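*Asks:* Predicted model and sequence follow; I will ask about them next.
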Amino acid sequence: MTQAGGAIGGTVHAVGACIGGGKIEGTMSGDRIDAKVVAGDAVATLHLTVTDGDHVDGTYVMPAVGACVGDTGSVSMTRQ
């Protein structure tokens, strides 16, 4: 995942998650990130907060249709 101004982009990988990762696109304002991860027909909506320079934490929601129907949970990412 990369940041260019207020835009977030790139790819993410999720071990053990329903969709396993994909292309991420979104926006960042202050310490808040709102984004979507797209993997084929599956789309996860992410609501994240930067907790320090190397970590983000938050939640994800899958839509009520398609892959991983209605799945929700927590997200934690660390810069590598």
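*Replies:* Happy to help now that I have it.

*Asks:* any weak-confidence spans in the chain?
*Replies:* Scanning the chain for pLDDT under 70 picks out 65-67.

*Asks:* where exactly do the helices run in it?
*Replies:* Shown for the chain, no helices are assigned by DSSP state H.

*Asks:* Contacts only, for the residue positioned nearest the centre of it.
*Replies:* By CA atoms, centre = their mean, the chain has its centre lying nearest to L46, at 4.4 Å. Neighbour list for L46: I24, G26, I33, D34, A35, K36, V37, G58, T59, Y60, V75 [criterion: CB atoms under 8 Å, 6 or more residues apart in numbering]. C-beta here means a position set from N, CA and C on the backbone, and glycine is covered the same way.

*Asks:* Nearest to A4, out of those: which one, please.
*Replies:* Taking CB to CB as the measure, A4 lies nearest G26 of the contacts of L46, at 11.8 Å.

*Asks:* is it true that the closest one touches V38?
*Replies:* No - assessed by CB atoms under 8 Å, G26 is found out of contact with V38, at 10.9 Å.

*Asks:* Who has more neighbours out of those two?
*Replies:* Counted by other CB atoms under 10 Å, G26 and V38 do not tie: G26 has more neighbours, with 19 against 13.

*Asks:* So what pairs up with that one in the strands?
*Replies:* Counting by DSSP bridges, G26 is bridged to I8, A35.
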